[in-house]
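Q: here is the input, now give the coordinates:
(4 chains)
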2 protein chains.
Amino acid sequence: MAKKYERIADDLRRRIQANEYRPGDQLPTRDQLGMRYRTSPGPVDEALALLRAEGLVETLHGKGTFVRAARRKVQRTPDRYQWEKDRVSLSEDARRKTGAVEKDTGLEFDHLDFHAEYKIEPADGHIGDVLGVPAGAKILHRFYRTRARSEDAPVSLINSYLVYDMISANPDLLNADNEPWPGGTLHQLATVGIEVDRIIDRINTRPPNQEEAYELGIGPGVAVFVLQKTSVDTDGRIVEVSEVVMPGDRTEFVYTTQLNGWDSK
Amino acid sequence: MAKKYERIADDLRRRIQANEYRPGDQLPTRDQLGMRYRTSPGPVDEALALLRAEGLVETLHGKGTFVRAARRKVQRTPDRYQWEKDRVSLSEDARRKTGAVEKDTGLEFDHLDFHAEYKIEPADGHIGDVLGVPAGAKILHRFYRTRARSEDAPVSLINSYLVYDMISANPDLLNADNEPWPGGTLHQLATVGIEVDRIIDRINTRPPNQEEAYELGIGPGVAVFVLQKTSVDTDGRIVEVSEVVMPGDRTEFVYTTQLNGWDSK
DNA sequence: GAGTGGTCTAGACCACTGT
DNA sequence: CAGTGGTCTAGACCACTCC
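A: Below you'll find the model as predicted:
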């Protein structure tokens, strides 16, 4: 016999796909499911945990478990990097008009909650390594959180690290009150003469910690993407590293690789 | 008070990171942990499930739970695509020498288990959509599994879809016995005059199904990456779509974006 | 307050591994 | 066989939401 919690999960999954339960509908309560499948709460909970990890349902404590609307995934492509760089040379007004987050989500700025914190701290081993500076070097550590005010829109948590000595020439860059900075990090770096030449994306996946699960509005079983973004300037120096945490069930990365033709060789 | 299973997980995580338990060591048994933390089996199991999802430990049924060696992640970059395309024009001997899998893993071919299955079938809705053909169109569906024979090396499961009419001119392409084909899919397509112009990678993450967890040697809590790779030829036709499933705890994607200079505009 | 899910207890039995 | 983890039982109490 198959495991009970898998049979329950399979049955509920089938019913959801057959539209017996529609997006927004509440599933039967734990006790009702326990009756239906003749089992104790344990297997029911485990089955629902599976469906949550798949992003099929979402549970609101004290309210119930609901079928999630198949949510369009937010696509993240590296096109945004060139787009951001091109914006650097625009007027402040033009830069202010729309930010990178709006470009991703299609949401207006008014519907976004934006939060930024700055801290100056010594590099720990890990950050020192990825920034290419010795541990203990002075680092500007910036933390960003964007949250959409409307119901289930995307969120991301960003930790960004800059080498203090590279950017301290412009004191405005050290003050979180200047966020959101029109034109973003690429423009901030431009104010101290840094031109970013290439950006390296490293993509990993792992389970969220408790805070991430809360902030991103996902269950503890839903994996997150961690994008480590390294910006290298025209002199080959690493000028920024940021770690972006995104919900795995609402995010898709898209990269296009253009190949050289057979003739062109 | 924090949740009990989290306190257990945190404590064990701390002890592992402090090297109290070293890679390969067996953790105390469930009963012993139950004694140590004065709890019933439930919370202990849940704590270990967390650590498994993080890739920190691995459990062998009937044997015990062991600290996993911090495994070097396999990096996957799109450089391989140009490398594969360049190999198409080499001699069969040169192509035979090393395949793409070996390039990724650094392992010799002798240490890899390779398995291929071919099936000709009508496109279902999903595959028809991504291939850009009507549902029901004749499709060559190929399934590949590569498994490293040595202890904990990487594995991937690949489903590849080709439009039958595009490749049937070369009957060798319809026979799984010709796998592994020296030079891979790009060379196979070249034999029927198809030149791939660009490749689009779409990266998602989700929990594994039972079969994937077994084949990839991961617990059900470890997320997998799903890479959907779309190959477009020089005429703009979609010529292949493949879905590659890789273990999330042993894989890292790396993409570099070169930006246009400020001058060059 | 009643209704919901989240966590835990203290067992039990089963499946798998080694001897 | 004994030792391990996997699953389940039948409760219990707590935290949260809504009325």
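Q: is chain B contacted by stretch A:7-19?
A: No - applying CB under 8 Å from any CB of the partner chain, one finds stretch A:7-19 separated from chain B by no less than 10.4 Å. Heads up, the C-betas are built off the backbone N, CA and C, glycines and all.
Q: mind checking how far that stretch is from the chain centre?
A: Distance of stretch A:7-19 from its chain centroid, counting by CA atoms, centre = their mean, to the nearest Å, is 29 Å.
Q: what mean pLDDT would you report for that stretch?
A: Average pLDDT, stretch A:7-19: 94.
Q: what do you get for stretch A:120-137?
A: 94.
Q: what are the ranges of the helices in the stretch 151-265 of chain A?
A: Ranges of helices in the stretch 151-265 of chain A, per DSSP state H, counting those that start in this stretch, are A:164-167, A:184-190, A:210-216.
Q: save these as CSV, and put in mean neighbour count too.
A: Below are those laid out as CSV (neighbours: other CB atoms under 10 Å in any protein chain shown):
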stretch, mean neighbour count
helix A:164-167, 18
helix A:184-190, 21
helix A:210-216, 16
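Q: lowest average confidence, helix or strand, in chain A?
A: When the helices and strands of chain A are scored by mean pLDDT, DSSP states H and E, helix A:100-105 comes last with a mean of 61.
Q: what residue in the stretch 51-200 of chain A comes nearest to DNA strand C?
A: Here the stretch 51-200 of chain A gets closest to DNA strand C at one residue, A:G62, 3.5 Å apart by CB to the nearest atom of the strand.
Q: can you read off the pLDDT for that residue?
A: Here, the pLDDT recorded for A:G62 equals 93.
Q: export stretch A:208-226 as PDB, just CAs?
A: Extracted as PDB, the C-alpha positions of stretch A:208-226 are listed here (Å, rounded to 0.1, in the frame of the first residue of the first chain):
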ATOM      1  CA  PRO A 208      13.900  29.500   3.200                       C
ATOM      2  CA  ASN A 209      14.700  30.400   6.800                       C
ATOM      3  CA  GLN A 210      11.900  31.400   9.000                       C
ATOM      4  CA  GLU A 211      12.200  35.100   8.300                       C
ATOM      5  CA  GLU A 212      12.400  34.600   4.500                       C
ATOM      6  CA  ALA A 213       9.300  32.400   4.600                       C
ATOM      7  CA  TYR A 214       7.400  35.100   6.500                       C
ATOM      8  CA  GLU A 215       8.600  38.000   4.300                       C
ATOM      9  CA  LEU A 216       8.000  36.200   1.100                       C
ATOM     10  CA  GLY A 217       4.700  34.800   2.200                       C
ATOM     11  CA  ILE A 218       5.600  31.200   1.400                       C
ATOM     12  CA  GLY A 219       5.300  28.100   3.600                       C
ATOM     13  CA  PRO A 220       8.500  26.600   5.000                       C
ATOM     14  CA  GLY A 221       8.400  23.900   2.400                       C
ATOM     15  CA  VAL A 222       8.500  26.200  -0.600                       C
ATOM     16  CA  ALA A 223      12.100  26.600  -1.800                       C
ATOM     17  CA  VAL A 224      13.600  30.000  -2.600                       C
ATOM     18  CA  PHE A 225      15.900  31.100  -5.400                       C
ATOM     19  CA  VAL A 226      19.100  32.800  -4.300                       C
END
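Q: list the contacts of the closest residue to chain B within chain A.
A: Residue nearest to chain B within chain A: A:A223 (3.5 Å; CB to the nearest CB). Residues counted as contacts of A:A223 (CB atoms under 8 Å, 6 or more residues apart in numbering or on different chains) are A:53, A:205-208, A:248, B:205-207, B:223, B:248.
Q: tell me where the stretch 101-250 of chain A is predicted with low confidence.
A: A:101-112, A:148-154 (pLDDT under 70).
Q: just the ones of the contacts of A:A223 in strands?
A: A:205-206, B:205-206 (DSSP state E).
Q: list the contacts of A:G24.
A: Counted by CB under 8 Å, 6+ apart, A:G24 has contacts A:66-67, A:69.
Q: show the buried residues in these.
A: A:66-67 (16 or more other CB atoms under 10 Å in any protein chain shown).
Q: show me where chain A has its strands.
A: Using DSSP E, strands in chain A cover A:57-60, A:64-67, A:74-76, A:112-122, A:138-148, A:155-163, A:196-206, A:224-233, A:238-247, A:251-258.
Q: the shortest one: partners in the sheet, and parallel or antiparallel?
A: Which is strand A:74-76. In the sheet, strand A:74-76 lines up against strand A:251-258 (parallel) (DSSP bridges).
Q: how far off centre is the partner strand?
A: Distance, centroid of strand A:251-258 to centroid of chain: 15 Å (CA atoms, centre = their mean).
Q: same thing with stretch A:222-237?
A: With CA atoms, centre = their mean, you get 13 Å for stretch A:222-237.
Q: pull out the buried residues from it.
A: A:222-233.
Q: what does stretch A:44-57 give?
A: A:44, A:47-57.
Q: do the same with stretch A:72-86
A: A:73-74, A:76-78, A:81, A:84-85.
Q: quick one: the residue of chain A found nearest DNA strand C and A:T59, what's the gap?
A: With CB to the nearest atom of the strand, the shortest gap between chain A and DNA strand C falls at A:T29, namely 3.0 Å. Computed with CB to CB, to the nearest Å, the distance linking A:T29 and A:T59 is 11 Å.
Q: higher neighbour count, the two?
A: A:T59 (17 against 12; other CB atoms under 10 Å in any protein chain shown).
Q: close enough to count as contact, that one and A:L48?
A: Yes - between A:T59 and A:L48 there is a contact at 6.6 Å, judged by CB atoms under 8 Å.
Q: just the endpoints, please. Distance across stretch A:187-204?
A: By CA to CA, to the nearest Å, the extent of stretch A:187-204 from end to end equals 27 Å.
Q: can you count the residues close to A:Y21?
A: Neighbours of A:Y21 (other CB under 10 Å): 19.
Q: can you check A:R202 too?
A: 20.
Q: contact partners for the nearest residue in space to it that is not next to it in sequence?
A: Residue nearest to A:R202 in three dimensions, not counting chain neighbours: A:Q228, with 4.3 Å by CB to CB, 6 or more residues apart in numbering or on different chains. A:Q228 is in contact with A:130, A:201-202, A:204, A:241-244, counting by CB under 8 Å, 6+ apart.
Q: turn those into TSV, columns for distance to A:H187.
A: Listed next are these as TSV, based on distance: CB to CB, whole Å:
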residue	distance to A:H187
A:V130	23
A:D201	20
A:R202	24
A:N204	28
A:V241	18
A:S242	15
A:E243	21
A:V244	18
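Q: make a ChimeraX selection of the buried ones in the residues you listed.
A: Provided next is the ChimeraX selection string for whichever of those are buried by 16+ other CB under 10 Å:
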select /A:130,201,202,204,241,242,243,244
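Q: ok, the contacts of A:Q228 vs DNA strand D, which is closest?
A: For the contacts of A:Q228, with DNA strand D as the reference and CB to the nearest atom of the strand as the criterion, the closest is A:N204, at 24.5 Å.
Q: surely the closest one and B:P247 touch.
A: No - A:N204 lies out of contact with B:P247 (CB under 8 Å); the separation is 11.6 Å.
Q: can you give me the neighbour number for the closest residue to A:R52 other than its chain neighbours?
A: Closest residue to A:R52 apart from its sequence neighbours, by CB to CB, 6+ apart: A:G219 at 4.2 Å. Close neighbours of A:G219, defined as other CB under 10 Å, add up to 18.
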